[in-house]
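**Student:** Sequence and predicted structure, then a few things I'm wondering about:
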Amino acid sequence: SDIGSQKERVVTEEEWLQKWEMGNIGFHKEQRHPLLQKYLDVLLNGRSGLRIFFPLCGKAVEMKWLADMGHTVVGVEVSEQAVKEFFSDHSLPYCEEPVPEISGAKMFQSTSGNISLYCCSIYDLSSSIVGKFDGVWDRGALVAVNPCDRQRYARLMISLVEKNSSYLLVTVSYDPNKHKGPPFYVPESEIKSLFG
Ligand code: SAH
């Protein structure tokens, strides 16, 4: 099948940390994503003061943008370097504290309290730790998840959202035989079966 070429591929957490160390982060964009601007109304749906989740957040600039609009932003990212760069890139003071429920995890929070970034694997999170969200911005997240972990990822994401939530998902369409990924090619049919 056309996705067979990527099905077995695994990118380890260590490899992600190395990408950050080497500055091999072509996925990071300094400009806000045009699709978030385009679909912002869908995400917000007329509501204010939302809790918005950024899975596999890197140092996405959109976190600052949404926080400045008055929303509360929560992200999760394995690379501590990425998390620290986010705060320093935006000159945001922050404090860091351990997460009692997750051994080795740390939570970095802007002093103003509206941006909290968990430094751990997303698979360590649960709604009892981070609560539930009104909105999700999933860019470079599902497509960065190892194909073998997609089900687990989707189940977790479903457990982290409120009933009346909006989930914006960005995927990339290309011939998976020509690039090993990430980003991985996630066919539309698979997105439907993962999220219903
Ligand atoms: N969403 C961001 C970053 C995309 S790249 C953006 O739009 O720029 C994917 C990011 O996920 C990387 O920064 C990588 O370090 C992180 N990552 C990979 N596996 C992870 C995991 N299991 N838990 C949390 N973060 C992870």
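**Tutor:** Yep, that arrived.
**Student:** Which of the helices or strands spans E162?
**Tutor:** Assigned by DSSP states H and E, E162 belongs to strand 161-170.
**Student:** so what secondary structure elements neighbour that strand?
**Tutor:** Identification of packing neighbours for strand 161-170 by 3 or more Cβ pairs under 8 Å, 6 or more residues apart in numbering; DSSP states H and E yields helix 34-38, helix 40-44, strand 133-139, helix 188-195. Every residue, glycine included, has its C-beta placed from N, CA and C.
**Student:** how about it, does it reach the ligand?
**Tutor:** No - with Cβ under 6 Å from any ligand atom as the criterion, the ligand is not reached by strand 161-170; the gap is at least 8.2 Å.
**Student:** mind listing what's buried in that strand?
**Tutor:** With burial defined by 16 or more other Cβ atoms under 10 Å, the residues of strand 161-170 counted as buried are V161, S165, S166, Y167, L168, L169, V170.
**Student:** That one: partners in the sheet, and parallel or antiparallel?
**Tutor:** If you go by DSSP bridges, strand 161-170 pairs up with strand 133-139 (parallel).
**Student:** what's next to the strand it pairs with, contact-wise?
**Tutor:** 33, 35-36, 43-44, 47, 50-55, 60, 62, 66, 71, 74, 157, 160-162, 164-170 (Cβ atoms under 8 Å, 6 or more residues apart in numbering).
**Student:** Go again with 7 Å.
**Tutor:** Applying Cβ atoms under 7 Å, 6 or more residues apart in numbering, the external contacts of strand 133-139 come out as 33, 36, 43, 47, 50-55, 62, 157, 160-162, 165-170.
**Student:** Are that strand and the ligand in contact anywhere?
**Tutor:** Yes - Strand 133-139 lies within reach of the ligand by Cβ under 6 Å from any ligand atom, at R139.
**Student:** Show the subsequent helix or strand relative to that strand.
**Tutor:** Read in the C-terminal direction, the helix or strand following strand 133-139 is helix 150-159, with elements assigned using DSSP H and E.
**Student:** Okay, angle between that following helix and strand 133-139 too, please.
**Tutor:** The directions of helix 150-159 and strand 133-139 differ by 150 degrees, with axes from the mean of the first three to the mean of the last three Cα atoms, to 10 degrees as the criterion.
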